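Novice: Okay, sequence plus prediction incoming.
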Amino acid sequence: MRNFLNSFSQQLSSVPLQCLFYLNGVYYCFYFLATLLMIIYKSQVLSYPDNKLALDLALLFIMAILEVIRLYLGARGNLTEEEVPVGVSLVLEVGSILLSVYFLAWQTYVLRADLIIGAILLALYVMEGVLKIIAIAAFAR
């Protein structure tokens, strides 16, 4: 019985981080669809330059691929209590943050809805980044 209880006290994986990975995955699906629909809307209603439209769409799909890899590595590293996958996920998060800032401030046309959903995504990234740093510190002990 004592060995059974000791195995629980040595668990280092972070439950809040795992919940945040799930929440971020669900929210990113919403973010991707909303941003895609807003780009389509802006291209129909506003005079969207073709080269900028292609750039925005390409960056959105690159961000989606990056997000899938980032979430997979982070969740896997957290569950297996390994520093390297969580660290790689943290590095990839920097790229996701830069792309999120692009869609928040630097894309061709920025709507108020872009600002709202982008700010929420950035807040999730910050919370996840802090928990990843704490998890990496716990795993390294």
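Specialist: In hand now; what should we look at?
Novice: three-state assignment of Ser47?
Specialist: coil (DSSP: H, G, I helix; E, B strand; the rest coil).
Novice: how many neighbours does it have?
Specialist: For Ser47, the tally of surrounding residues (other CB atoms under 10 Å) stands at 8. From N, CA and C alone the C-beta is placed, and that goes for glycine too.
Novice: Pretty sure Ile69 sits against Val91.
Specialist: No: with contact defined as CB atoms under 8 Å, Ile69 does not count as touching Val91 (11.0 Å).
Novice: These two: who's more crowded?
Specialist: It is Ile69, of Ile69 and Val91, that has more neighbours when counted by other CB under 10 Å, with 15 against 10.
Novice: what's the distance between that one and Gln107?
Specialist: Counting by CB to CB, to the nearest Å, the gap from Ile69 to Gln107 is 23 Å.
Novice: For the protein, just list every one of the strands.
Specialist: For the chain, strands defined by DSSP state E do not occur.
Novice: in it, which helix or strand is least confident?
Specialist: helix 2-9 (a mean of 52; mean pLDDT, DSSP states H and E).
Novice: From what I see, Phe139 and Val86 are in contact.
Specialist: Yes: under the criterion of CB under 8 Å, Phe139 makes contact with Val86 at 7.1 Å.
Novice: Now do the contacts for the nearest residue to Leu57 once chain neighbours are set aside.
Specialist: Leaving aside its sequence neighbours, Leu57 sits nearest to Ile39 (CB to CB, 6 or more residues apart in numbering; 6.4 Å). Residues near Ile39 by CB atoms under 8 Å, 6 or more residues apart in numbering: 53, 56-57, 60.
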